[in-house]
Every structure is written in structure tokens, then in C-alpha cells.
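**Q** How does the following fold in three dimensions:
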Amino acid sequence: MRIRKAIIPAAGLGTRFLPATKASPKEMLPVVDKPVIQYVMEEAVAGGIEAVLIITGRGKEAIENHFDVSFELEQVLRERGKDRELAIVQDIASMVEVSYTRQREALGLGHAVLCAKTWAGNDPFAVFLGDDIVHSAVPCIRQMADVFERHGASVLGVMQVPREDTRKYGIIAGTPVGDRLLRVTDIVEKPRPDTAPSTTAVIGRYIFTPAIFEELERTGKDSSGEIQLTSAIRSLLEREPVFAYQFEGARYDTGDRLGFLQATVEMALTRPDLKDPFSAYLRKIVAGME
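**A** Down below sits the predicted model:
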């Protein structure tokens, strides 16, 4: 069975990026000249996704406007003969079928995914975190979908992190079952470095069977008042296999200031129109610091 549906939770407040996110969604912050969530959407489309549900919240209208048709802007561009810019704007609005629903309460990532239960139905689906960019030759979600199609089970996108960073991630324990592939035996949310079962961290890419919704419904709120997706995954392990795939590519957490800066620099260096002049500028800056 192919993965055709995807959910993008984008209801978070973006507090790590205040004051920039006081009135603007963190997912709309630009990396070079595209908002973060557009990179995510482009990966989804390139990976074979045909329908996307974005989970939004208050103050996130800019996301909906970005992926909608902009008649006034298109008319101005058409009248001014800006054909290249017109094509860019039109492509954004037509890249994929997009739906929206609101997460009315800030009850965590698990609750945000649960908001998609009716929309997803009995189909397996992907989850993309709206501020995680993965740059790779083969789309990260396509790599994971290949695993799903072989095994018919949920798949978590993972990478290795320094042990001192385990407290930032969900960390898995697992048994190797193939190249870059583990069968998950346990998962712990943000463990201390001295108690973490490994340094294999889950990042913002998931593929789930619809069974995850039942586990989310059974999962109570934690001490912070949120429904943790990690807790539901841990329960899912008791009823069906879950795999972890160490994807090929570079991942950027653009919700973090350093990650955002790294994404901006490295994505700019992939652009043919920017690579040479920007490289020269960076070399000049670095030389001036020596």
C-alpha cells in the first residue's frame, strides 16, 4: 500500500523564535526566499504525497494564504510581464490538494495528530513537522515510504545525535534488521544522557498505520498537560511492529536559531544563482575573523 496522505502539524506558538513569531507563524519564516513549510510541502509532493492536511491554530492564517490562489498578485504579475514570478506563485497554489483543521487547544503533538483521525480514515499516512527541513537526493519521506511498502508497518525517521543532546528528542532502542533499518523495541521522550537507551533520535518524519489513532485516544495527558506522540508510539509497539529508518540527507531544525541559520546558509549554497557569490562572501567574512 502506498502512502498518499500526509499531516503537517503547524499549530505551535514558536516561542523559541520570539519576537519574530509574535505575529507570524514560525513555519512561514523564510529560508533564502521560501518559507520553511514550503520546503516541507515540496518534499511531500516529491515523495508521492497526493493530499495534505495542515493542523493550524490561532494566528496561522498566513499558511493558508500562502498555499491559496492569489488573484490580485497574479493579475499584477501578468500585467507587468513577470512570467517567471507568475509561474512561481501559481505552482505554489497547485502543487497538491491541501486541507486545514484547527487544533483548538495546545495539547501537544500527539493531540495535533489525533485531530486528523477523521480525515485520514483507515489509510496509512505520513507526518511532517512543519519546521523540520530535510535536504536529500531522494526525498526523506520517499526513503521511509519504501520501508513501509516492504514491511507494512509504521516507520520513524531517525538520526544519530550527540549523547548530550538526547534530552531534546524522542530516543529509541532497537534491533538492526537491515541497512539503516531498526526494529524499535522501546522509545523514550527526551531522556537524560545518562539514562538514554541509545543516541538514535526521532526527528520530524513519521509514517503511521491508522492504529496510532487508537493509541493516541488511550494516551492521557502528561505532567505538562500534553498528549505525547512518543507515549502512543510506545503503546503501539505492544500490538504491531514499528521500524526506525536512518535516512540519508541533512536535517535542519529551523525552530532553533542555530538550525535556522545553518539551513539558510546551506540551502543558499545549493542554489546555482547564489552559490558562487555567496561562497565568496562567506570566505571574505571568515578571512576577516582570522
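**Q** got the residue ranges for the helices in the stretch 51-200 of the chain?
**A** 61-66, 71-79, 83-94, 108-114, 117-120, 140-151 (DSSP state H, counting those that start in this stretch).
**Q** among these, which is the most enclosed?
**A** helix 108-114 (a mean of 24; mean count of other C-beta atoms under 10 Å). From N, CA and C alone the C-beta is placed, and that goes for glycine too.
**Q** Need the residues that contact that one.
**A** 7, 9, 11, 55, 103, 105, 127, 129, 208, 212-213, 216-217, 219, 221-222, 224-232 (C-beta atoms under 8 Å, 6 or more residues apart in numbering).
**Q** What of stretch 268-279?
**A** Residues outside stretch 268-279 that contact it (C-beta under 8 Å, 6+ apart) are 32, 135.
**Q** Can I get it in CSV, CA atoms only?
**A** Only the C-alpha atoms of stretch 268-279 are listed here, as CSV (Å, rounded to 0.1, in the frame of the first residue of the first chain):
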residue,chain,number,x,y,z
ALA,A,268,21.7,29.1,-0.2
LEU,A,269,24.8,27.2,-1.2
THR,A,270,22.7,24.7,-3.2
ARG,A,271,21.3,27.4,-5.4
PRO,A,272,23.1,27.9,-8.7
ASP,A,273,22.2,31.6,-8.7
LEU,A,274,23.6,32.2,-5.2
LYS,A,275,26.3,29.6,-4.7
ASP,A,276,29.3,31.4,-6.2
PRO,A,277,28.7,35.0,-4.9
PHE,A,278,27.6,33.7,-1.5
SER,A,279,30.6,31.4,-1.2
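**Q** in it, what's buried?
**A** Residues of stretch 268-279 classed as buried: residue 268 (neighbour count, 16 or more other C-beta atoms under 10 Å).
**Q** Please apply the same query to stretch 10-24.
**A** 10, 11, 12, 14, 16, 17, 21, 24.
**Q** Make JSON lines from those and add secondary structure and distance to residue 278 to it.
**A** As requested, those are exported to JSON lines (DSSP: H, G, I helix; E, B strand; the rest coil; distance: C-beta to C-beta, whole Å):
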{"residue": "10", "secondary structure": "coil", "distance to residue 278": "29"}
{"residue": "11", "secondary structure": "coil", "distance to residue 278": "34"}
{"residue": "12", "secondary structure": "coil", "distance to residue 278": "30"}
{"residue": "14", "secondary structure": "coil", "distance to residue 278": "27"}
{"residue": "16", "secondary structure": "helix", "distance to residue 278": "26"}
{"residue": "17", "secondary structure": "helix", "distance to residue 278": "23"}
{"residue": "21", "secondary structure": "coil", "distance to residue 278": "26"}
{"residue": "24", "secondary structure": "coil", "distance to residue 278": "25"}
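**Q** Turn those residues into JSON lines, including distance to residue 187 and pLDDT.
**A** Formatted as JSON lines, these follow (distance: C-beta to C-beta, whole Å; pLDDT from 0 to 100):
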{"residue": "10", "distance to residue 187": "23", "pLDDT": "92"}
{"residue": "11", "distance to residue 187": "23", "pLDDT": "87"}
{"residue": "12", "distance to residue 187": "21", "pLDDT": "84"}
{"residue": "14", "distance to residue 187": "25", "pLDDT": "82"}
{"residue": "16", "distance to residue 187": "23", "pLDDT": "87"}
{"residue": "17", "distance to residue 187": "27", "pLDDT": "88"}
{"residue": "21", "distance to residue 187": "29", "pLDDT": "88"}
{"residue": "24", "distance to residue 187": "33", "pLDDT": "89"}
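**Q** Of the residues you listed, which is the nearest to residue 51?
**A** Closest approach to residue 51 among these (C-beta to C-beta): residue 10, at 15.9 Å.
**Q** May I have the phi/psi pair for that closest one?
**A** Note on residue 10: backbone dihedrals following degrees, to the nearest 10 are phi -140, psi 40.
**Q** What separation is there between it and residue 130?
**A** 4 Å (C-beta to C-beta, to the nearest Å).
**Q** Spell out which residues are contacts of both of these two.
**A** Shared contacts of residue 10 and residue 130, counting by C-beta under 8 Å, 6+ apart, come down to 27, 37, 54.
**Q** Mind checking which of those residues are in strands?
**A** Judged by DSSP state E, the shared contacts of residue 10 and residue 130 include residue 54 as members of strands.
**Q** among the shared contacts of residue 10 and residue 130, who's most crowded?
**A** Ranked by the number of neighbours (other C-beta atoms under 10 Å), the shared contacts of residue 10 and residue 130 place residue 27 first, at 30 neighbours.
**Q** Great, nothing more from me.
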